[in-house]
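*Asks:* Structure of the sequence below:
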Amino acid sequence: MRRRTLIAATAAAGPTSLLQGLDEALAATPGPTAEPASLDHRLAEARALFDTGSHQGLLSTLPGLIGDAHAAAASRRPLDQARLSTVYSLASAVLVKVGGYDRARLTADRARTWAEVSGSPLASAAASRELAIVLRHQDQGAAAHRLMHLAAIDMEATGLRTDASAAAYAQVLCTLAYTAARGGQRTEALAMTDEARRAARRLSAAAPPGRLFTITPAGVDLYAVGVHWALGDAGAALEAGKSLRPDQFPTPERRARMSTDLARAWWAWGRPEQTTRELLAAYRASPGEVRDRPSIRSIVHELAERHPRVAGVRELTNAVTRPRQRDAAGTVGRLPFPASRASRT
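*Replies:* Below is the predicted model:
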């Protein structure tokens, strides 16, 4: 019990100033920062922080980015309004990662509002997806399912003439499939996974730089792991992921996500050795994916309590509890959200 208490105490002592800064930016939009780099460039840098698992660095960047995106959106140009929606979608995504669901609900709502103002189908799909993820975490699965069902219909209605729209459609279908699986709707979950595979056939193995939706055929297969896990079939989840390789995923976040999803399946199947192996692989790919995500920390807690002698468990526990090295933004600490039951995006 002492080991679990240590992990929980460490997780609770985090850089609250980062969250306070974001709260202030959400309460009263900051003025523009006069940063010399273009907003597109800064948004790409923020996305790179997400892709490397630098959650604290991204949280510290967001207030200024929100202020500048709002200043740009004052032009009333649809592109600037869509860009602001994308900033709020990114904020929601990182807040979900670290368990800040109430804040994520607010940013996802704003992302949807600005997407509707802009008229961009891609921004709307991204914002709807983020809101559905938050709703699911807040135990509003039926609302999340309806939202993603409508998002899929809206995206398909665009005609899917470009690879960017096909990628958006495939991603929406993946999220719909997982949402259906979490609601116990097995037939729909599997059907939507198959439809996502069909939609992704035209996509390349690596998304081009700057694409809003970076789903690939391998990414759909990774979602299938989560779908089967959510349906309670760990064996099918592991079978779905048996051909996945880290080199199929270009970012540390996705490589770590592959390992954490497989770890959840191994854990559900009662295999602590394989679970530990995958979580260590995830940590080495992107420490934030293990340290900051409440659902993954909860597995580490249980491993420490129930299987402390399994090879690698002590290393994994130490990785979660020891002080964090400085990240790209120069901040130190851990995010102050408690562990919770497993869930995914």
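*Asks:* so what's Arg257 up against?
*Replies:* Under the criterion of C-beta atoms under 8 Å, 6 or more residues apart in numbering, the contact list for Arg257 reads 222, 249, 282, 289. Yep, even glycine has a C-beta here, placed from its N, CA and C like the rest.
*Asks:* Could you pull up the contacting residues of the residue lying closest to the third one once chain neighbours are set aside?
*Replies:* The shortest distance from Ala282 to any residue that is not its chain neighbour, by C-beta to C-beta, 6 or more residues apart in numbering, is 3.7 Å, and that residue is Ser259. Shown in contact with Ser259 (C-beta under 8 Å, 6+ apart): 246, 278-279, 281-282, 285.
*Asks:* if I look at Ser259, how far off is Leu190?
*Replies:* Spatial separation of Ser259 from Leu190 under the definition C-beta to C-beta, to the nearest Å is 24 Å.
*Asks:* again, but for Thr317
*Replies:* If you go by C-beta to C-beta, the gap between Thr317 and Leu190 works out to 36 Å.
*Asks:* the more surrounded of the two?
*Replies:* Thr317 (21 against 18; other C-beta atoms under 10 Å).
*Asks:* same question for the helix or strand harbouring that one, mean pLDDT?
*Replies:* Taking DSSP states H and E as the criterion, the element that holds Thr317 is helix 313-321. Predicted confidence along helix 313-321 averages 92 (mean pLDDT).
*Asks:* same check, this time on stretch 37-50
*Replies:* So the average pLDDT for stretch 37-50 ends up being 94.
*Asks:* How about stretch 56-65?
*Replies:* Averaging pLDDT along stretch 56-65 gives 96.
*Asks:* Between the two ends of stretch 133-150, what distance do you get?
*Replies:* 14 Å (C-alpha to C-alpha, to the nearest Å).
*Asks:* how about it: buried residues?
*Replies:* Neighbour-count burial for stretch 133-150 flags 133-137, 141, 144-145, 147-149 (criterion: 16 or more other C-beta atoms under 10 Å).
*Asks:* which outside residues touch that stretch?
*Replies:* Applying C-beta under 8 Å, 6+ apart, the set of residues contacting stretch 133-150 from outside is 92-93, 96, 101, 104-105, 108, 128-129, 131-132, 172, 175-176, 179-180, 182-183, 185, 343, 345.
*Asks:* In three-state terms, label the closest residue to Asp40 other than its chain neighbours for me.
*Replies:* Ranked by C-beta to C-beta, 6+ apart and with sequence neighbours excluded, the top spatial neighbour of Asp40 is Arg83, at 7.4 Å. When states are read from DSSP: H, G, I helix; E, B strand; the rest coil, the local structure at Arg83 comes out as helix.
*Asks:* How many residues are close by Arg83?
*Replies:* By the criterion of other C-beta under 10 Å, Arg83 has 21 neighbours.
*Asks:* what about Cys313, distance to Arg277?
*Replies:* Let me fix one detail, which is that residue 313 is Val and not Cys. When C-beta to C-beta is the yardstick, Val313 and Arg277 sit 11 Å from each other.
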